[in-house]
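Next one to model:
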Amino acid sequence: MASLWTFILIGSVIYFFWLNRKVAEAANAHAKRQSEQLQVQLMSVACTKRRFGLLKSGKPGIKSEFTFEFSSDGENAYQGVLFMENEMLQSVLVPPHKI
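Next up, the predicted model:
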């Protein structure tokens, strides 16, 4: 019985690691798409908040906030925020920036 719980624990750790990587890759793709729409240079993407909870669909999942840093003129850097539920982008907060 102890080995069964060990396999379940190891399997769940591997699953959540895989799910976190999948969410991070989706956030990177969303940040690239957002920077292309804004016609700015994407500098970095970082996870600032990640938690488990109920999504808008009522299912359990990961709610995340990713900060992406971008530059519009090569000198100044700005930080936008991506709000995500699993791999789905819920909203984007982009600060005022030079064009």
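
okay, CA-based contacts and neighbour counts for the rest of this
Will do.

need the helices for the chain, in chain order.
Taking DSSP state H as the criterion, the chain carries its helices at 2-38.

which strand of it spans the most residues?
In the chain, assigned by DSSP state E, the strand with the most residues is strand 41-54.

In space, not sequence, find me the middle residue of the chain.
Computing the C-alpha centroid of the chain and ranking residues by C-alpha atoms, centre = their mean puts residue 27 first, at 3.9 Å.

tell me the pLDDT at that residue?
pLDDT, residue 27: 95.

could you list every residue that touches it?
Residues in contact with residue 27 (C-alpha atoms under 8 Å, 6 or more residues apart in numbering) are 45, 66, 82, 84, 87, 89.

Neighbour-wise, which one of those residues leads?
Within the contacts of residue 27, neighbour counts (other C-alpha atoms under 10 Å) peak at residue 82, which reaches 24 neighbours.

Hmm, residue 69 and it touching each other?
No - the pair residue 82 / residue 69 is not scored as a contact, 10.9 Å apart, by C-alpha atoms under 8 Å.

No further questions, thank you.
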